[in-house]
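Asker: Here is my input, please return the structure:
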Amino acid sequence: MSNRIRVLIADDHLIVREGLRMILETSDDMEVAGEAADGAEAVRLAQALAPDVVLMDLRMPNMDGLAAIERLRLQQPQIAVVILTTYNEDDLMQRGLRAGARGYLLKDTDRDTLFNTIRAAARGETLLKPELVARLLARPESKPHGELELTERERQVLQAVARGERSKEIAARLGITERTVKAHLAGIYNKLGVDSRAAAIAVAAQRGWLRPDK
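Answerer: Residues are numbered from 1 along each chain as shown. Below you'll find the model as predicted:
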């Protein structure tokens, strides 16, 4: 039982919280640690309950999900945050990823995707659905400040990350070592001022450095 993933659900809609609780209770390796109706309560309960993963709605009263993600990143960076989003929240979703969220889910996502995303987040990994990454890439690019650029190899690695490939898969396809892949990722993070794959994808998409047809 001690190996179960403890999940905190943060959403201001009771029916959403109840639905997620019912789904999570069907999993043998997860348990609901608590529920929060706004961002402030999510931060408070995260401090008290120390969950492994927080499912975080972005639009909530008192303190919204974005502010809560930023607070958790400062206070409890070991807790993985997964954004709960809808199709009309791309701007907030992108900002949430940049703020430190490990991934994001649509509120009408299927059970397997929910479980797999939570498990990946608990392992410290990022699992982004290809169709949602495609939506990020389809957004009009903003002009970057300065002359910051990625190398061709860094672009290849980041494009692979956007497709959901793991380091060992990227290494095999590019004919390099997994250690080299991780070194490229470190360089990408440093250039973009981020510390996660999800944030790197969000920033690179905003800058127009990724293309959905690659």
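Asker: Can you give me the neighbour number for Asp12?
Answerer: 18 (other C-beta atoms under 10 Å). (Each C-beta comes from the backbone N, C-alpha and C, glycine too.)
Asker: so what's it up against?
Answerer: Asp12 is in contact with 37-38, 57, 59-61, counting by C-beta atoms under 8 Å, 6 or more residues apart in numbering.
Asker: Mind giving me the ChimeraX select for the residues you listed, buried ones only?
Answerer: A single ChimeraX command is used to select the members of those judged buried by 16 or more other C-beta atoms under 10 Å:
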select :37,38,57,59,60
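Asker: Which pair of the contacts of Asp12 spans the longest distance?
Answerer: Spatially, the most separated pair among the contacts of Asp12 is Ala37 and Arg59, at 12.3 Å (C-beta to C-beta).
Asker: Identify the residues contacting the helix ranked longest in the chain?
Answerer: Determined from DSSP state H, the single longest helix within the chain is helix 178-192. Contacts with helix 178-192, where a contact means C-beta under 8 Å, 6+ apart, come from 148, 150-151, 153-154, 157-158, 161, 167-168, 170-171, 174, 195-197, 199-200, 203-204.
Asker: CA-only coordinates of the helix or strand where Gly19 lies in PDB, if you can.
Answerer: In this assignment (DSSP states H and E), Gly19 forms part of helix 14-24. Taking Å, rounded to 0.1, in the frame of the first residue of the first chain, the C-alpha atoms of helix 14-24 are listed here in PDB:
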ATOM      1  CA  LEU A  14     -17.600  19.200  -7.100                       C
ATOM      2  CA  ILE A  15     -18.900  17.000  -9.900                       C
ATOM      3  CA  VAL A  16     -15.400  17.000 -11.500                       C
ATOM      4  CA  ARG A  17     -13.700  16.100  -8.200                       C
ATOM      5  CA  GLU A  18     -16.200  13.300  -7.500                       C
ATOM      6  CA  GLY A  19     -15.800  11.900 -11.000                       C
ATOM      7  CA  LEU A  20     -12.000  11.900 -10.800                       C
ATOM      8  CA  ARG A  21     -12.200  10.300  -7.300                       C
ATOM      9  CA  MET A  22     -14.400   7.500  -8.600                       C
ATOM     10  CA  ILE A  23     -12.100   6.800 -11.500                       C
ATOM     11  CA  LEU A  24      -8.900   6.900  -9.400                       C
END
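Asker: Sounds good, over and out.
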